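> Next come a sequence and a model predicted from it.
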Amino acid sequence: MNLYAMLRARAAQGKPLRVGVIGAGKFAAMYLAQVPKTPGIHLVGIADLAPANARTNLQRVGWKPEACSAPSLDAAVAGQTTHVGDDWQALVSHPAIDIIVEATGNPAAAVTHALGAFRNGKHVVNVTVEADAFCGPLLARRAADAGVVYSLAYGDQPAIICDLVDWARTAGFEVVAAGRGHKWLPHFAQSTPETVWGYYGLAPEQARIGGLNPKMFNSFLDGSKPAIESTAVCNATGLTPAPWGLTFPPSSVDDLPFVMRPREEGGHLHHKGQVEVVSSLESDGRAIPYDIRFGVWVVFEGDTEYIRRCFTEYGVRTDPSGRYACLYKRWHLIGLEVGISVASVGLRREPTGCATGFRADVVATAKRDLRAGEMLDGEGGYTVYGKLFPAEESLKIGGLPLGLAHEVKLLNPVAAGQPVRWTDVQYDAASDAVKIRREMEREFAPAQRAAA
């Protein structure tokens with residue numbers, strides 16, 4: 001409740017939180033738009049593979065050229081300005097920087113950047129949720145071992161869901177389910193970058209003018225991103241997926257307490273304590289009024305007659321029994337809200353979401369019949385989508401993590417709708433990404449089995 005006051009105090013003392021950003025694309029640009037208006041924050045440096053593009057984005061969001069013209073990180077610290085370059089290693093190793101915001105969107109690179117930051121004693125706010133889904137439990141452990149904080153990025157849906165879950169539990173409620181909204185029909189799982197705009201609801205010309213990346217947006221539409229984000233939520237909160245993954249039941253905001261209750265009570269849940277994603281479309285494609293397509297929600301339980309009476313007295317929307325109620329945010333502001341994480345991590349040393357175990361996983365799943373010899377093109381592409389699995393089941397079948405399903409060759413054919421397995425692909429066992437993932441499986445799989 002007092003982060004803003006704490007930031008103002010740091011500004012008055014001349015001791016701002018010093019931040020470095022890796023990757024200056026769309027998400028990071030939204031955060032950068034807010035930095036000049038936030039007291040107690042000094043953005044020391046930005047590392048991007050294309051520094052000229054980073055400067056263009058800074059100009060687009062309102063930065064004056066002189067504010068980001070420091071010739072070096074040292075000069076940026078001395079002059080309270082910002083250096084833009086391409087050397088991420090210099091950024092994570094600079095002694096003046098407190099916090100790294102990783103915003104590349106590249107899961108393998110993000111893991112490397114986070115581990116480098118930990119080795120240099122830097123906290124990390126991880127925007128690249130794909131990396132957290134890939135090996136978040138290991139990243140959290142490495143951060144703790146280094147005495148620093150690793151955090152999901154507030155503004156992105158997983159961290160806001162974690163916040164709602166924490167609110168409910170701290171208030172004394174049992175969390176029945178939590179998740180996000182999505183525009184979903186089953187055939188969207190086969191969507192490609194060529195079909196995405198029609199399904200998404202944008203004209204191709206609108207997408208072109210907006211500079212929107214069809215592969216990235218398709219990763220949302222085809223269910224990959226919801227699976228990735230649900231994995232992050234499970235691993236951070238202790239919620240778990242249904243055995244069959246996400247089902248995307250249709251629901252309005254008002255109907256969440258009806259839909260997100262156990263099956264034996266008329267709802268869609270396999271079990272209490274489940275993560276799920278609800279659709280803003282009915283099964284026949286009709287739009288649901290008052291949907292939560294861009295928002296997040298938590299459903300919690302009033303387990304006594306007194307609490308249920310309180311729900312009624314204060315107009316809380318419940319299911320017919322009065323037992324299940326919900327709280328929600330109908331929208332999220334993505335990168336515009338990342339400053340909440342930066343302040344929480346830097347001032348309180350508290351993450352806004354952080355993996356505590358390996359409970360869920362995202363497995364690459366064939367969009368169509370795939371032939372031996374084909375190259376997989378990863379999240380949002382033409383060959384695979386991500387499906388949410390309980391972690392134990394993913395390990396049992398040897399499922400290939402979606403984060404490793406990019407630019408790898410298939411050794412075996414895989415039928416449409418079937419998971420791709422490690423044994424189905426030719427991969428480099430010596431690569432950092434593969435070694436890190438295998439290490440996480442070794443470290444966390446025994447605990448997962450014991451808890452099952």
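Noted; the coordinates are in hand. Residues are numbered from 1 along each chain as shown.
> And the strands in the stretch 51-200 of the chain?
Along the stretch 51-200 of the chain, counting by DSSP state E, counting those that start in this stretch, strands occupy 83-85, 99-102, 123-126, 150-152, 174-182.
> Go through those and name the closest to G25.
Taking Cβ to Cβ, strand 99-102 is the member of those nearest to G25, at 11.9 Å. C-beta: built from backbone N, CA, C; applies to glycine.
> can you give me the offset of that closest one from its chain's centre?
When C-alpha coordinates are averaged (Cα atoms, centre = their mean, to the nearest Å), strand 99-102 and its chain have centres 15 Å apart.
> Just list what it packs against, helices and strands only.
On a contact count with 3 or more Cβ pairs under 8 Å, 6 or more residues apart in numbering; DSSP states H and E, strand 99-102 meets strand 17-22, helix 107-119, strand 123-126, helix 338-343.
> can you rerun that using 10 Å?
With contacts defined as 3 or more Cβ pairs under 10 Å, 6 or more residues apart in numbering; DSSP states H and E, the packing partners of strand 99-102 are strand 17-22, helix 26-34, strand 41-47, helix 88-93, helix 107-119, strand 123-126, strand 150-152, helix 338-343.
> and among the ones you listed, the most buried is which?
The highest mean neighbour count among the helices and strands packed on strand 99-102, using mean count of other Cβ atoms under 10 Å, belongs to strand 123-126: a mean of 29.
> Dead centre of the chain: give me the residue that sits there.
Among the residues of the chain, the one closest to the centroid is V129, at 3.6 Å (Cα atoms, centre = their mean).
> circling back to that earlier point, could you dump the strands of the stretch 51-200 of the chain into CSV and include distance to D48 and mean pLDDT?
Formatted as CSV, the strands of the stretch 51-200 of the chain follow (distance: least, Cβ to Cβ, whole Å; pLDDT from 0 to 100):
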stretch, distance to D48, mean pLDDT
strand 83-85, 7, 98
strand 99-102, 12, 98
strand 123-126, 17, 98
strand 150-152, 21, 98
strand 174-182, 29, 98
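> Can you get me a residue count around the closest residue to the residue nearest to the centre of the chain other than its chain neighbours?
Leaving aside its sequence neighbours, V129 sits nearest to A232 (Cβ to Cβ, 6 or more residues apart in numbering; 5.3 Å). If you count neighbours by other Cβ atoms under 10 Å, A232 ends up with 29.
> same question, the one 5 residues further on
Other residues near T237 number 25, with proximity taken as other Cβ under 10 Å.
> isn't it right up against A177?
No: look at T237 against A177 with Cβ atoms under 10 Å: they stay out of range, at 11.2 Å.
> roughly how far apart are F134 and W422?
As judged by Cβ to Cβ, to the nearest Å, F134 and W422 stand 14 Å apart.
> Flag the shaky bits of the chain, pLDDT-wise.
For the chain, the stretches flagged by pLDDT under 70 are 1, 446-452.
> where does A325 land in three-state SS?
State at A325, reduced to three classes by DSSP: H, G, I helix; E, B strand; the rest coil: strand.
> how close does it sit to G315?
Taking Cβ to Cβ as the measure, A325 falls 11 Å from G315.
> if you count what's nearby, which of these two comes out ahead?
Set A325 next to G315 and count neighbours by other Cβ under 10 Å: A325 wins out with 23 against 7.
> The more buried one: what's it in contact with?
Going by Cβ atoms under 10 Å, 6 or more residues apart in numbering, A325 touches 168, 173, 176, 256-257, 298-302, 307-308, 310-311, 316-319.
> switch to 7 Å and redo it
Contact partners of A325, counting by Cβ atoms under 7 Å, 6 or more residues apart in numbering, are P257, F300, G302, F311, V316, R317, T318.
> Can you lay out the residues you listed as TSV showing secondary structure and distance to V84?
As requested, the contacts of A325 are arranged in TSV below (DSSP: H, G, I helix; E, B strand; the rest coil; distance: Cβ to Cβ, whole Å):
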residue	secondary structure	distance to V84
P257	helix	48
F300	strand	45
G302	coil	52
F311	helix	52
V316	coil	49
R317	coil	48
T318	strand	52
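> out of those residues, who has the most neighbours?
P257 leads the contacts of A325 on contacts (other Cβ under 10 Å) with 28 neighbours.
> and that residue, how far is that from S321?
Using Cβ to Cβ, P257 is found at 9 Å from S321.
> does P39 really touch M6, like I thought?
No: using Cβ atoms under 7 Å, P39 and M6 do not qualify as a contacting pair, with a distance of 9.8 Å.
> neighbour-wise, which of the two wins?
More crowded of P39 and M6, by other Cβ under 10 Å: M6, with 17 against 14.
> Identify the residues contacting that one.
Residues near M6 by Cβ under 7 Å, 6+ apart: L347.
> Ok, R261 next?
Contacts of R261 by Cβ under 7 Å, 6+ apart are V176, G267, L269, D319, Y324.
> Swap in 10 Å and give it another go.
Contact analysis of R261 by Cβ under 10 Å, 6+ apart lists 176-177, 267-269, 272, 299, 301, 318-319, 321, 323-324.
> Give me the PyMOL select line for those, limited to the buried ones.
Selecting just the buried residues from the contacts of R261 in PyMOL takes one command, with 16 or more other Cβ atoms under 10 Å as the test:
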select buried, resi 176+177+267+268+269+272+299+301+318+319+323+324
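> of the contacts of R261, closest to N120?
For the contacts of R261, the nearest to N120 is A177 (39.3 Å; Cβ to Cβ).
> Any idea how many residues pack against the closest residue to that closest one other than its chain neighbours?
Sequence neighbours aside, M260 is the residue nearest to A177 in space, at 4.2 Å (criterion: Cβ to Cβ, 6+ apart). For M260, the tally of surrounding residues (other Cβ under 10 Å) stands at 27.
> for the one 10 residues further on, same thing?
Neighbouring residues of H270 were enumerated by other Cβ under 10 Å; the total is 16.
> Which residue, neighbours along the chain excluded, lies closest to it?
Once flanking residues are discounted, H270 sits nearest to A242: 3.8 Å by Cβ to Cβ, 6+ apart.
> Just confirm the one you found is within a strand.
No: assigned with three-state DSSP, A242 falls outside any strand and is coil.
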